[in-house]
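> Sequence isn't available, so here's the structure alone:
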């Protein structure tokens, strides 16, 4: 499958006639100005990251930062340092302090792709940021306040992960306040000729 939006979601609508993509666009627009987390489900390659960026660029936080991180394959230590940052001397090799993605995205949007792969030990720290809007850099005693909107994405069945205890139930319920699903191209076959024509004209 290919990414579902050749342009922004708004621009793509005139060249898409499938009910699936129009329903998704309608739902996405409805929640643009909400501050609740959004969880985007869908198969790999169906455009979850494109949708996340569109939500940011068309919402009230558009003037602020959009930062993204793919959680797949990252060790706990690397994931923590990327999300929360660290202080000088926090670990071997930390020769200077580094701001994490939450700090960089203050007042903006954090997009966590493949959140279903997030290490279990990092999940409660993410939950704290969402609930209390506070976190600590690695090696720091001082808590920092942050205001971000979370958009997460996964190709996994997170409720099944909750049952298997590979994903925390409290975090799942916190991030799935607004669920969206990107359809696979095989579920919107009527759009293929229109998308093909668009790509030919573009190239």
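Great, that's in hand. Everything numeric here is computed off the predicted structure, so don't read it as measured data.
> Settle this for me: residue 98 is touching residue 85, isn't it.
Yes - under the criterion of C-beta atoms under 8 Å, residue 98 makes contact with residue 85 at 5.1 Å. Every residue, glycine included, has its C-beta placed from N, CA and C.
> more crowded one of those two?
Using other C-beta atoms under 10 Å, the more surrounded residue of residue 98 and residue 85 is residue 85, with 23 against 17.
> ok, so what distance separates the more buried one from residue 99?
5 Å (C-beta to C-beta, to the nearest Å).
> Could you pull out the residues contacting both of the two?
Common neighbours of residue 85 and residue 99 are listed as residue 137 (criterion: C-beta atoms under 8 Å, 6 or more residues apart in numbering).
> Now do the contacts for residue 81.
Contacts of residue 81 by C-beta under 8 Å, 6+ apart are 98, 100, 138.
> In which helix or strand does it reside?
Using DSSP states H and E, residue 81 sits within helix 76-84.
> which parts of that helix are buried?
Neighbour-count burial for helix 76-84, counted by 16 or more other C-beta atoms under 10 Å, picks out 79-84.
> Then stretch 140-147?
Those would be 140, 144, 146, for stretch 140-147 by 16+ other C-beta under 10 Å.
> Give me the buried stretch members for the one helix or strand residue 198 maps to, please.
Assigned by DSSP H and E, residue 198 belongs to helix 192-202. Going by neighbour count (16+ other C-beta under 10 Å), the buried part of helix 192-202 is 194-195, 198.
> how close does residue 43 sit to residue 105?
The value you get for residue 43 to residue 105, if C-beta to C-beta is used, is 27 Å.
> Compare those two and say which is more crowded by neighbours.
Of the pair residue 43 and residue 105, residue 105 is the one with more neighbours under other C-beta under 10 Å, namely 23 against 16.
> wait, residue 127 sits on residue 167?
No - contact criterion C-beta under 8 Å: residue 127 and residue 167 do not qualify, at 11.4 Å.
> Tell me where the model's unsure across this structure.
1-15 (pLDDT under 70).
> repeat that with 80
1-16, 89-90, 92, 94 (pLDDT under 80).
> ok, which stretches of the protein are strands?
38-41, 66-70, 85-86, 98-99, 109-113, 134-136, 143-145, 149-154, 178-181 (DSSP state E).
> can you redo these as a markdown table with distance to residue 188?
Shown next, in a markdown table, are the strands of the chain (distance: least, C-beta to C-beta, whole Å):
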| stretch | distance to residue 188 |
| --- | --- |
| strand 38-41 | 16 |
| strand 66-70 | 25 |
| strand 85-86 | 40 |
| strand 98-99 | 40 |
| strand 109-113 | 22 |
| strand 134-136 | 39 |
| strand 143-145 | 42 |
| strand 149-154 | 19 |
| strand 178-181 | 12 |
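> Point out the one among these that comes closest to residue 30.
strand 178-181 (8.9 Å; C-beta to C-beta).
> what sits against residue 129?
Counted by C-beta under 8 Å, 6+ apart, residue 129 has contacts 102, 135, 146, 148.
> burial count for the last one?
Residue 148 sits with 24 neighbouring residues when counted by other C-beta under 10 Å.
> Understood, closing this out.
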